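Chemist: Sequence first, then the predicted structure, then my questions.
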Amino acid sequence: MAFPVYQPFQNEWLTFGAFFVGIFAVIGLAEFIRKKANWSAEASRKIVHVLVGVMIFWARFLFTSPTPAIVIAMLFILINALALKQQAFQGMHATGRFTLGTVFYPLSFLILVLAFWNRDPAILLISFLILALGDPLAAQVGENVKNPRTFVLWQDQKSLQGSLSLGIAAFIITATGLPILRSLEGLPVPSVQMILLISMAVGVIGALAESMSLAGSDNLTLPLGVALTLDILLRFNATQQWLFFLWLSIAFLFAFSAYRLNVLSLSGTIAAFLLGTFVFAVGGIQWMIPMGTFFVFSSLLSKIGKRKKQVLESVYEKTSNRDMMQVFANGGIGGLMVIVWHYTQMDLFYYAFLGSLAAATADTWATEIGVFSRQQPRHILNFRPVSMGTSGGITTMGTTGAALGSGVLTFSGWVIPIGSIHPFFQGNIFLVIVVSGILGALLDSVLGATVQAQYQCAQCDKITEKTVHCSKPTAQIRGYHWINNDVVNLCCTAAGALLVILFLV
């Protein structure tokens, strides 16, 4: 059964023209009223967000082909980017902070159209409607509730009350929209019990995805996080759906325990919960064990010899209490690999997953074990002696630790070869992953020695990764300011995955 489409004109491009003009009319009307009624730019922006979002929701009912919707999305990505640069359409763009939310908004629609227009329109429509209605609702609640409990996980400030309201809105939209839209598509409708559980999962993951925002990036992470959750759950059979909720519970206990043990910060806890939910629920125990191996062993090592490592706290930008960016820098590539594997079912991406974690483990173990070396570190490029904690400094003990960490992680992925995964000892795959992990860690040291931002304290002359030292701003002496330790770690894990793919293709 085809998805129902109402065509007001014989030619879809006439509908496209009317639709495009309608969106501009809403934006222009909001700008006019803002000036005449002296509305705040923030209030006007929220109204545009809702009205345009609701209009876009109906695009799937007006066009048979995704092409007009794709063109609309691409045009408004360009228009909004130019308007931001020229400071035009203040009723839509003006906020009290820098944000790219109006660019992310049509970008999220573009991605959803490309992924779900024909395959499952219900996912497209529900995800975008949650963005259109839930996101401004969260902001409105957060601004008007008395004594809001605010927090910042990345850069944008959020409120607990606002996040809860978004989660509730996402639950209601999913619970009501899913059975209606699936019926219109002629696709199987889950049981009432399962619809409620799916809606609950969407509410939780949607609220958390929206809370981790930088410059309006929640306009991208919210709908895509919701869409991914719906797509995975609707592809699963009944048994797999129940297992998803089991793994979600395990991921929560895992992350919460780490938070209570002071291994993760609040933002790191939420990031670990989201990452663990998708990795565990999609991949199962075969993927859970390597992820757990990296996290548990690396966390234990970081707690050993804490007194000896205190000397490095004034040098390193981050501590062993991992935040959101550290979690994603070390595990984000692995999370991406599990999603790609889910859609392709290619063993190659499981091996790449292990390669990324092997690189992260090698890098972490090199640092945690290398700190106990009595040998003075050497610069990785010129082998000159450098002080302990210097980016790009290596020791024999640290390098040995890197090899050991990569080997242990790779073995943890081989020890339970189930499902479609074949034992690694066929064709030297085990060795490829170990070597890729070590090379990824070495790349981390090279980047740290060359392009990572380094600063010098004017008070004590110490070279550090910190932008503030001795309670004063530091001066950048080399590297690029936007390449910090998290960026370098992300490159390290990406290299581990990419090298495995290149070696095995």
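Modeler: Now that the structure is in, tell me what you want to look at. Numbering: from 1, shown residues only.
Chemist: can you pull out the strands in the chain?
Modeler: Using DSSP state E, the strands of the chain run over residues 150-152, 157-159, 378-379, 393-394, 454-456, 463-464, 468-469, 472-473, 475-478.
Chemist: For the first one, which outside residues touch it?
Modeler: Right, strand 150-152. Under the contact criterion C-beta atoms under 8 Å, 6 or more residues apart in numbering, strand 150-152 has outside partners G142, Q157, K158, S159, L160, S211, L266. Backbone N, C-alpha and C define where each C-beta goes, glycine included.
Chemist: Could you do the last one as well?
Modeler: Counting by C-beta under 8 Å, 6+ apart, strand 475-478 makes contact with A453, Q454, Y455, Q456, A458, I463, all of which sit outside it.
Chemist: Direction included, what does that strand pair up with?
Modeler: Sheet pairing for strand 475-478, assigned by DSSP bridges, gives strand 454-456 (antiparallel).
Chemist: Tell me how far the strand it pairs with lies from the chain's centre.
Modeler: In terms of C-alpha atoms, centre = their mean, to the nearest Å, the centre of strand 454-456 is found 29 Å from the chain centre.
Chemist: Tell me the spacing between L234 and L222.
Modeler: 18 Å (C-beta to C-beta, to the nearest Å).
Chemist: Then V468?
Modeler: From V468 across to L222, the span is 32 Å (C-beta to C-beta).
Chemist: hang on, the earlier thing: give me the buried subset of the contacts of strand 150-152.
Modeler: With burial judged by 16 or more other C-beta atoms under 10 Å, the buried subset of those is G142, K158, S159, S211.
Chemist: could you dump these to CSV with pLDDT?
Modeler: Shown next, in CSV, are the buried ones among the contacts of strand 150-152 (pLDDT from 0 to 100):
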residue, pLDDT
G142, 80
K158, 85
S159, 85
S211, 87
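Chemist: Is it possible to get a markdown table of those residues that adds distance to I126?
Modeler: Shown next, in a markdown table, are the buried ones among the contacts of strand 150-152 (distance: C-beta to C-beta, whole Å):
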| residue | distance to I126 |
| --- | --- |
| G142 | 23 |
| K158 | 22 |
| S159 | 24 |
| S211 | 20 |
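Chemist: Specify which member of those residues is nearest to L230.
Modeler: S211 (19.1 Å; C-beta to C-beta).
Chemist: Quick one: low-confidence residue ranges for this protein.
Modeler: 1, 39-43, 87-98, 303, 305-321, 389, 416-427, 461 (pLDDT under 70).
Chemist: on that earlier part again, indicate which one of the strands of the chain is closest to Q7.
Modeler: strand 157-159 (41.0 Å).
Chemist: quick one: strands adjacent to the closest one?
Modeler: Paired neighbours of strand 157-159 in the sheet (DSSP bridges): strand 150-152 (antiparallel).
Chemist: List the buried residues for the strand it pairs with?
Modeler: For strand 150-152, a neighbour-count test (16+ other C-beta under 10 Å) marks nothing as buried.
Chemist: what do you get for stretch 334-346?
Modeler: In stretch 334-346, counting by 16+ other C-beta under 10 Å, buried: G334, G335, L336, M337, V338, I339, V340, W341, H342.
Chemist: which residues of the stretch 351-500 of the chain fall in helices?
Modeler: 396-414, 429-450, 485-504 (DSSP state H, counting those that start in this stretch).
Chemist: Most tightly packed of those?
Modeler: Highest mean neighbour count among the helices of the stretch 351-500 of the chain (mean count of other C-beta atoms under 10 Å): helix 429-450, with a mean of 24.
Chemist: pull the CA atoms of that helix into PDB?
Modeler: Extracted in PDB, the C-alpha atoms of helix 429-450 (Å, rounded to 0.1, in the frame of the first residue of the first chain):
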ATOM      1  CA  ILE A 429      42.900 -10.500  10.900                       C
ATOM      2  CA  PHE A 430      43.900 -10.500  14.500                       C
ATOM      3  CA  LEU A 431      47.300  -9.100  13.700                       C
ATOM      4  CA  VAL A 432      45.900  -6.500  11.400                       C
ATOM      5  CA  ILE A 433      43.700  -5.100  14.100                       C
ATOM      6  CA  VAL A 434      46.500  -5.100  16.700                       C
ATOM      7  CA  VAL A 435      48.900  -3.300  14.300                       C
ATOM      8  CA  SER A 436      46.200  -0.800  13.300                       C
ATOM      9  CA  GLY A 437      45.600   0.000  17.000                       C
ATOM     10  CA  ILE A 438      49.300   0.600  17.600                       C
ATOM     11  CA  LEU A 439      49.600   2.800  14.500                       C
ATOM     12  CA  GLY A 440      46.600   4.800  15.500                       C
ATOM     13  CA  ALA A 441      48.200   5.500  18.900                       C
ATOM     14  CA  LEU A 442      51.500   6.500  17.300                       C
ATOM     15  CA  LEU A 443      49.500   8.900  15.000                       C
ATOM     16  CA  ASP A 444      48.100  10.400  18.200                       C
ATOM     17  CA  SER A 445      51.600  11.200  19.400                       C
ATOM     18  CA  VAL A 446      52.600  12.600  16.000                       C
ATOM     19  CA  LEU A 447      49.600  15.000  16.000                       C
ATOM     20  CA  GLY A 448      50.200  15.900  19.600                       C
ATOM     21  CA  ALA A 449      53.800  16.900  18.700                       C
ATOM     22  CA  THR A 450      52.900  18.900  15.600                       C
END
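Chemist: Noted, bye for now.
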